[in-house]
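**Student:** make a model of this:
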Amino acid sequence: MEKISIAETSKTPAINLDLSKGFIDIKGRSIPENSTEFYMPLLNCLKNFSPKKNGGVLTVNFQLEYFNTSSSKCILEILKNLTALQKTGIQVTINWYYEEDDDDMQESGENYQEITNISFNMIPVYS
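**Tutor:** Predicted coordinates for the structure are as follows:
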């Protein structure tokens with residue numbers, strides 16, 4: 001599977017993924033009943049990602065307004081997969097968007113960056 005399009009709900013973020021074009025967008029609130037089940041299609045795509053189809057470039061945009069503890073574990077798993085892809089020579093760019101006054105979301109991005117040892121573009125969003 002190279003494309004995923006999941007509409008945003010009050011409990012789940014929108015996920016748009018097109019690996020042939022080299023992008024993943026995750027945007028909204030992430031408080032699903034079962035985070036593992038919700039994020040599994042995305043994780044499966046990352047595990048099967050072939051750099052031959054898009055030149056080995058992948059841009060991932062996280063624009064989450066809130067996520068719960070179980071979602072944070074899934075986000076970490078996504079980032080671990082991205083770290084593994086980067087180690088194979090794939091150029092991974094991670095853009096972490098946060099509301100300018102949301103210190104918690106900014107700190108979350110910084111913490112993930114430190115844990116995974118991948119450089120993030122920390123991008124404040126001004127309302």
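
**Student:** how about the contacts made by K11?
**Tutor:** R29, S30, I31, P32, E33 (CB atoms under 8 Å, 6 or more residues apart in numbering). Yep, even glycine has a C-beta here, placed from its N, CA and C like the rest.

**Student:** and the fourth one, helix, strand or coil?
**Tutor:** Assigned state for P32: coil (three-state reduction, DSSP: H, G, I helix; E, B strand; the rest coil).

**Student:** apart from its neighbours in sequence, what residue is nearest it?
**Tutor:** Once flanking residues are discounted, P32 sits nearest to F38: 4.2 Å by CB to CB, 6 or more residues apart in numbering.

**Student:** for the one you found, what are its contacts?
**Tutor:** By CB under 8 Å, 6+ apart, the neighbours of F38 are T12, P32, C74.

**Student:** buried among these? Make that a PyMOL selection.
**Tutor:** Remark: buried members of the contacts of F38, expressed as a PyMOL selection using 16 or more other CB atoms under 10 Å:
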select buried, resi 12+32+74
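
**Student:** tabulate the contacts of F38 (TSV), appending distance to N95.
**Tutor:** Shown next, in TSV, are the contacts of F38 (distance: CB to CB, whole Å):
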residue	distance to N95
T12	20
P32	22
C74	18
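
**Student:** alright, that wraps it up for me.
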